[in-house]
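Colleague: sharing a model that was predicted from the sequence below.
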Amino acid sequence: MTRLLSRLWALRLSALLWITVGLGGCANGPSVQEYLMTLPAADALPDQGSPHVTQVSRVQVPTYLSGSAMVLIDEQGQVYRARQHLWAEPLSNQLTRLTWQRLQQRLPKWTWLPPENHYTKPAAQLSLTLSRFEADFQGDSRIEGQWRWVSAAGDQAYCGTVVGRWPLAQSGYAGMAQALANNWSQQIIDTVAEALASPTPANCH
């Protein structure tokens, strides 16, 4: 059933994209819609490991995602940018804020600093670099990248790879935005939080 819904979503999205691209230059075309990703609710992890003061660096996104257009990619890797469906603010800003907020939810015993916080003492650093963050014409969302945490003293470093592909349960660009937000928070950042709270995090070599 999930895959069927995903296929139906893909067909509807293809039609929406055709309209968006085909009518983008017309004065009487569809009005522009803007979207923000919102944070899903979550409880704190029961075991939070050894708390650290950690500054969340700005999430790095590839150049093809640096614009305001919502992006889809086909099986051949061709990029399609919607003209009437835009992110309300840069993806890097949204993902950085979601990351910081989600980590406060999941690891509240830790101290999480946003990138712009000028902390007077040395703090650990958490960085995330993405290579993919989009939906495709099969009705899936795809996220790929890497994360790295380095202690304030620089004597500890943990890292991991983030790779995932999940069906989109809702149709339309609003559904796409929320699905990407949910997957980023629940699948990616929760995995990072669990790794940092683990007694034996994955060391970087």
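Modeller: Received the coordinates, thanks. Residues are numbered from 1 along each chain as shown.

Colleague: helix or strand right after the helix or strand of the chain with the lowest mean pLDDT?
Modeller: Lowest by mean pLDDT, DSSP states H and E among the helices and strands of the chain is helix 2-22, with a mean of 47. Per DSSP states H and E, the first helix or strand lying C-terminal to helix 2-22 is strand 33-35.

Colleague: what's the spacing between that following strand and its chain's center?
Modeller: Taking C-alpha atoms, centre = their mean, to the nearest Å, the mean C-alpha location of strand 33-35 is offset from the chain mean by 17 Å.

Colleague: that strand: partners in the sheet, and parallel or antiparallel?
Modeller: strand 79-87 (parallel) (DSSP bridges).

Colleague: the helix or strand following the strand it pairs with vs strand 79-87, what angle?
Modeller: Counting by DSSP H and E, the element after strand 79-87 in chain order, helix or strand, is helix 91-106. On the basis of axes from the mean of the first three to the mean of the last three C-alpha atoms, to 10 degrees, helix 91-106 is oriented at 60 degrees to strand 79-87.

Colleague: could you export the top strand by length along the chain as CSV, CA atoms only?
Modeller: The residue-count maximum for a strand in the chain (DSSP state E) belongs to strand 124-136. Extracted in CSV, the C-alpha atoms of strand 124-136 (Å, rounded to 0.1, in the frame of the first residue of the first chain):
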residue,chain,number,x,y,z
ALA,A,124,33.0,20.5,20.6
GLN,A,125,32.0,20.9,16.9
LEU,A,126,29.3,19.0,15.0
SER,A,127,29.4,19.3,11.2
LEU,A,128,27.1,17.8,8.5
THR,A,129,27.8,17.8,4.8
LEU,A,130,25.1,16.7,2.3
SER,A,131,25.6,15.4,-1.2
ARG,A,132,21.8,14.8,-1.8
PHE,A,133,18.6,16.2,-0.4
GLU,A,134,15.6,15.9,-2.7
ALA,A,135,12.7,13.9,-4.0
ASP,A,136,12.6,11.8,-7.2
